[in-house]
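Trainee: just need the structure, nothing else, for what follows:
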Amino acid sequence: MSEVSIRDAEHAEQLFDAVSEQLAARGEAHTIAVVGGSALNALGFVSRPTRDVDVVALLQNEELISAKSLPDGLSAAVKLVADDFGLPEHWLNPGPTALLDFGLPLGFLARGVRRSYGPALEVIFAGRLDQIHFKLYAVVDQGGGRHLEDLQALSPTEVELLEAAEWSETHDNSAGYRGILDKVLAHFGVRREPTDD
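Mentor: Below you'll find the model as predicted:
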């Protein structure tokens, strides 16, 4: 699972263009919302290889919906591109769509950066503030490493970290999570007022 599939932002653009061509041949068009390393690469916050493209949602009628089950045409296009480029079948990874269960940060869609690839694929890359939310949550939930490096690359302010912390606790409000969260915030020089439990 640690294998690198996507070298950089330029490689990802080639993949998106190829997916768009496949979709156009089917007479379909789709919009996906992307988070994680691929979004950070695309917007120039980092430059590093990634294992996959993390899809948090599909956009239909300007509404974000679960990407758990990709539309048949999109799924087929992704698989063909995987074959053509020698990528794992699931290089377009809908796993992060679970974040929708408890809600994305308020204003996510408005802050997203939209880019069109060819005639049939639009990608909404999560904006900087939203990436801070997701990366803080990932550091606390999964540990430091690449997530911590990404969060540091985003240069979050105290206000942004506190906002992200509040959002992240809507996804996990356990005492254990709060304890780790406060340690991560302290790493950035941020301390919260203690809560009464």
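
Trainee: now do the domain split for this protein, please.
Mentor: Per the record, the chain has its domains at 9-126, 129-187, by automatic domain parsing.

Trainee: roughly how far out does the shortest one sit from the chain middle?
Mentor: The reference is to domain 129-187. Centroid separation between domain 129-187 and its chain, computed with CA atoms, centre = their mean, to the nearest Å, is 14 Å.

Trainee: also stretch 14-24?
Mentor: Worked out by CA atoms, centre = their mean, stretch 14-24 lies 20 Å from the chain centre.

Trainee: before we move on, what about stretch 100-120?
Mentor: 10 Å.

Trainee: just stretch 40-48 next, same as before
Mentor: Relative to its chain's centre, stretch 40-48 lies at 12 Å (CA atoms, centre = their mean).

Trainee: give the buried residues for that stretch.
Mentor: Under the neighbour-count criterion of 16 or more other CB atoms under 10 Å, stretch 40-48 has 40-43, 46, 48 buried. Heads up, the C-betas are built off the backbone N, CA and C, glycines and all.

Trainee: could you dump the domains of the chain into a markdown table with distance to Glu193 added?
Mentor: Formatted as a markdown table, the domains of the chain follow (distance: least, CB to CB, whole Å):
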| stretch | distance to Glu193 |
| --- | --- |
| domain 9-126 | 22 |
| domain 129-187 | 10 |
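
Trainee: turn the ones you listed into JSON lines, including mean pLDDT.
Mentor: Listed next are the domains of the chain as JSON lines, based on pLDDT from 0 to 100:
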{"stretch": "domain 9-126", "mean pLDDT": "95"}
{"stretch": "domain 129-187", "mean pLDDT": "95"}
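
Trainee: okay, the buried residues of stretch 40-48 in JSON lines with distance to Leu151 and secondary structure next?
Mentor: Below are these laid out as JSON lines (distance: CB to CB, whole Å; DSSP: H, G, I helix; E, B strand; the rest coil):
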{"residue": "Leu40", "distance to Leu151": "10", "secondary structure": "helix"}
{"residue": "Asn41", "distance to Leu151": "15", "secondary structure": "helix"}
{"residue": "Ala42", "distance to Leu151": "17", "secondary structure": "helix"}
{"residue": "Leu43", "distance to Leu151": "15", "secondary structure": "coil"}
{"residue": "Val46", "distance to Leu151": "11", "secondary structure": "coil"}
{"residue": "Arg48", "distance to Leu151": "14", "secondary structure": "coil"}
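
Trainee: which residues does the spatially most central residue of the chain bridge with?
Mentor: Geometric centre of the chain, nearest residue: Val35, 1.4 Å, by CA atoms, centre = their mean. Beta-bridge pairing for Val35 (DSSP bridges): Asp54.

Trainee: tell me the contacts of it?
Mentor: 54-56, 96, 99, 126, 130-131, 134 (CB atoms under 8 Å, 6 or more residues apart in numbering).

Trainee: kindly report the same for Phe108.
Mentor: Taking CB under 8 Å, 6+ apart, we find Phe108 in contact with 33, 64, 126-127, 130.

Trainee: before we move on, what about Lys79?
Mentor: Here Lys79 is in contact with Glu89 (CB under 8 Å, 6+ apart).
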